[in-house]
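Colleague: sequence and predicted structure, then a few things I'm wondering about:
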Amino acid sequence: AAGGAMDEATQAAARVAGAKQRQLPGHSGRVLSLDWAPDGALLGSSSSDLTARLWSVAPTGQAREMQELRGHSRAVEVIRWASPACPVTTSEDKSVRAWDVRSGKATATYETNTGNIALACSPDGRLAAVSDRNDVVSLIDLRKDAILSSLDVGSQLGCQVNEIKWDKSSSHLFLSTGFPNQSKGGFEVLDTRAPELKRVVGGPAHTGNCYCIDFSNGPEPLFALGCTDALVSLWNADDLTCVGSFTRSDAAVRAISFSHDGSVIAYGSLDKFILLDDVATGEGVGELDASSVAGVNDISWHPSAPVLAYCGEEQKGTKVGFVRVAGPGFS
């Protein structure tokens, strides 16, 4: 960064900017989401082709498809991980499914009232949450195989739910939100410690719809919101104060992800780049060429290495979808 020397962790993450990229073929439709398993052994992807897929990506960039998860009857909107052995998916087909990594079979299916667009798993692996097209958020106990409760956020709070993430303690679920026809967005916080979902606090925070949210795994209790006003805001998760912003995007921010130690944040939009910024200073440390996609759909940093995965809208005329990964050790 221009303002001073970067520490080693930031430098390592920043090297992704100029790193070689790999395209992983396999999906026959758009890739909609990505997520690394908590141990980093596998990368999950979900697609409009009705499947999710699990990939092994070596530090050298060598990659192969390890498993295809087939069973949904509509687009698989999101994949997340409850544990290294249990990916969880949600779909337009009104279901959430938990899977066994080894067999590739669904171990549990949870029915919802309408198509689903957002999904999160708690860091402790006990809970999942799903938000549907009507902005109803449902809490699932993965160990008891039961939907515990639901909260109609759309009707009760007047906002739409975009992306959802748990805090590091697995006690509170954060929602990135938008307010239809009001040109503003923000976040809501739900207490998930009891079976009944309970709203704690929330409201507008941006002059645009907040599309995405991510939590840092660094020492500070931080989360970030990415919004249609082209800004990424940085928040203290303890006292819910805004402590900074990242301003280098020229378009609506569609995906954000913190590096494994929280030193760098990556954010993508309809720009031709995924921008990499130093979380401590707010300054840019690099750009990853994302011109192979027409717009970034999701970004996911590896949980222990400077490797970045992303997916997006394929260029016009492309019938298939690719998972893309970049890392400084790729040969």
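Modeller: Received it, and whenever you're ready, just let me know what you need. Numbering: from 1, shown residues only.
Colleague: ranges for the helices of this structure?
Modeller: Using DSSP state H, the helices found in the chain span residues 8-14, 153-157.
Colleague: for residue 229, find the nearest of these.
Modeller: Among the helices of the chain, the nearest to residue 229 by Cβ to Cβ is helix 153-157 (20.4 Å). Placement of C-beta: from N, CA and C, glycine included.
Colleague: and the closest one, average pLDDT?
Modeller: Mean per-residue pLDDT for helix 153-157: 95.
Colleague: ok, now stretch 100-108?
Modeller: 97.
Colleague: ok so, going back, now for the helices of the chain, which one comes closest to residue 251?
Modeller: Closest to residue 251 of these is helix 8-14 (Cβ to Cβ; 22.1 Å).
Colleague: so which elements touch that closest one?
Modeller: Here helix 8-14 touches strand 264-268, strand 273-278, strand 284-289, going by 3 or more Cβ pairs under 8 Å, 6 or more residues apart in numbering; DSSP states H and E.
Colleague: starting at the chain centroid, how far to it?
Modeller: 21 Å (Cα atoms, centre = their mean, to the nearest Å).
Colleague: would you mark the buried spots in it?
Modeller: Buried positions in helix 8-14, judged by neighbour count with 16 or more other Cβ atoms under 10 Å: 9-10, 12-14.
Colleague: between the helices and strands packed on helix 8-14, which one is closest to residue 201.
Modeller: Nearest of those (Cβ to Cβ): strand 264-268, 23.5 Å.
Colleague: what distance separates that closest one from the centre of its chain?
Modeller: Counting by Cα atoms, centre = their mean, strand 264-268 comes out at 12 Å from the chain centroid.
Colleague: pick the one among the buried residues of helix 8-14 closest to residue 77.
Modeller: Looking across those and measuring by Cβ to Cβ, the closest to residue 77 is residue 13, at 27.9 Å.
Colleague: does the closest one touch residue 277 like I think?
Modeller: No. In this structure, residue 13 is not within contact of residue 277 by Cβ atoms under 8 Å, at 10.2 Å.
Colleague: spit out the residues that contact those two alike.
Modeller: Among the neighbours of residue 13, those also in contact with residue 277 (Cβ atoms under 8 Å, 6 or more residues apart in numbering) are 264, 285.
Colleague: circling back to that earlier point, redo the helices of the chain as JSON lines? Include distance to residue 95.
Modeller: JSON lines is the format used below for those (distance: least, Cβ to Cβ, whole Å):
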{"stretch": "helix 8-14", "distance to residue 95": "36"}
{"stretch": "helix 153-157", "distance to residue 95": "20"}
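Colleague: for residue 263, find the nearest of those.
Modeller: That would be, of these and by Cβ to Cβ, helix 8-14, which comes in at 4.4 Å.
Colleague: got the contact list for that closest one?
Modeller: By Cβ under 8 Å, 6+ apart, helix 8-14 touches 1, 6, 259, 261, 263-264, 276, 278, 280, 285-286, 301, 306, 328.
Colleague: one more time with 6 Å
Modeller: Residues from elsewhere that reach helix 8-14 (Cβ atoms under 6 Å, 6 or more residues apart in numbering): 259, 261, 263-264, 276, 278, 285-286, 306.
Colleague: what of stretch 62-73?
Modeller: Applying Cβ under 6 Å, 6+ apart, the contact partners of stretch 62-73 are 22, 24, 26, 50-57, 91, 93, 99, 104, 106.
Colleague: same thing but at 7 Å, please
Modeller: Identification of contacts with stretch 62-73 by Cβ atoms under 7 Å, 6 or more residues apart in numbering yields 22, 24, 26, 42, 50-57, 87, 89, 91, 93, 95, 97, 99, 101, 104, 106, 325.
Colleague: quick check: mean pLDDT across that stretch?
Modeller: What stretch 62-73 shows for mean pLDDT is 97.
Colleague: list the buried residues of it.
Modeller: Neighbour counts over stretch 62-73 (16+ other Cβ under 10 Å) mark 63, 67, 69, 71-72 as buried.
Colleague: just the C-alphas of it, formatted as CSV.
Modeller: Extracted in CSV, the C-alpha atoms of stretch 62-73 (Å, rounded to 0.1, in the frame of the first residue of the first chain):
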residue,chain,number,x,y,z
GLN,A,62,-3.9,-28.6,-10.1
ALA,A,63,-7.6,-29.3,-9.6
ARG,A,64,-10.1,-32.0,-10.2
GLU,A,65,-13.7,-32.6,-9.6
MET,A,66,-14.2,-35.0,-6.6
GLN,A,67,-18.0,-35.2,-6.4
GLU,A,68,-21.2,-34.2,-8.1
LEU,A,69,-24.2,-33.5,-5.8
ARG,A,70,-27.3,-34.2,-7.8
GLY,A,71,-30.9,-34.2,-6.6
HIS,A,72,-32.3,-30.6,-6.8
SER,A,73,-34.9,-30.0,-9.5
